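Enquirer: Predicted model, plus sequence, below.
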Amino acid sequence: MSIGYVTLGAHDVEAALPFFDATLGALGWARSEPFPGWAFYGPKDGEPCVGICRPHDGEAPRAGNGIMVAFKAEDQDQVKAAHAAALAAGGSDEGGPGFRPPEATSGFYAAYFRDPVGNKFCVFLTS
């Protein structure tokens, strides 16, 4: 069994799209809009797996403490591009591209950022 999709709340879905278009586009992902007021993203020619929508309960979207979505990159250039795109599109930095722990020279390479709502993301690869 695997995770089918993840949804993230947005105050205004249309206003959120430039952030996700830029950030996930840097990973080679594409947007689809299967329902009014929703956007889904996933690998081009693959299954959409991240949805952006207004919360169903009508309350304001908010980021969960300790919740993070991590996207697997193909190489270090994609990690760098996604992090840069996220910041340029209104996101905030939570840790720039590099190995974790910082003294490592191989293994886990990642960057961390938040979207304008405050949702935390990681883009990573392992070697």
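Expert: Structure received.
Enquirer: contacts and neighbour counts: CA atoms only from here.
Expert: Fine.
Enquirer: shouldn't Lys120 be in contact with Met68?
Expert: Yes. Under the criterion of C-alpha atoms under 8 Å, Lys120 makes contact with Met68 at 4.9 Å.
Enquirer: More neighbours: the two, which one.
Expert: Lys120 (22 against 15; other C-alpha atoms under 10 Å).
Enquirer: Spit out the contact partners of the closest residue to the more buried one other than its chain neighbours.
Expert: The spatial neighbour of Lys120 that comes closest, neighbours along the chain excluded (C-alpha to C-alpha, 6 or more residues apart in numbering), is Arg114 at 4.4 Å. By C-alpha atoms under 8 Å, 6 or more residues apart in numbering, the residues touching Arg114 are Ala86, Gly91, Ser92, Asp93, Glu94, Lys120, Phe121.
Enquirer: Which of those fall in helices?
Expert: Ala86 (DSSP state H).
Enquirer: Looking at the contacts of Arg114, spot the one nearest Ala63.
Expert: The nearest member of the contacts of Arg114 to Ala63, counting by C-alpha to C-alpha, is Lys120 at 7.5 Å.
Enquirer: Distance of that closest one relative to Pro36?
Expert: From Lys120 across to Pro36, the span is 25 Å (C-alpha to C-alpha, to the nearest Å).
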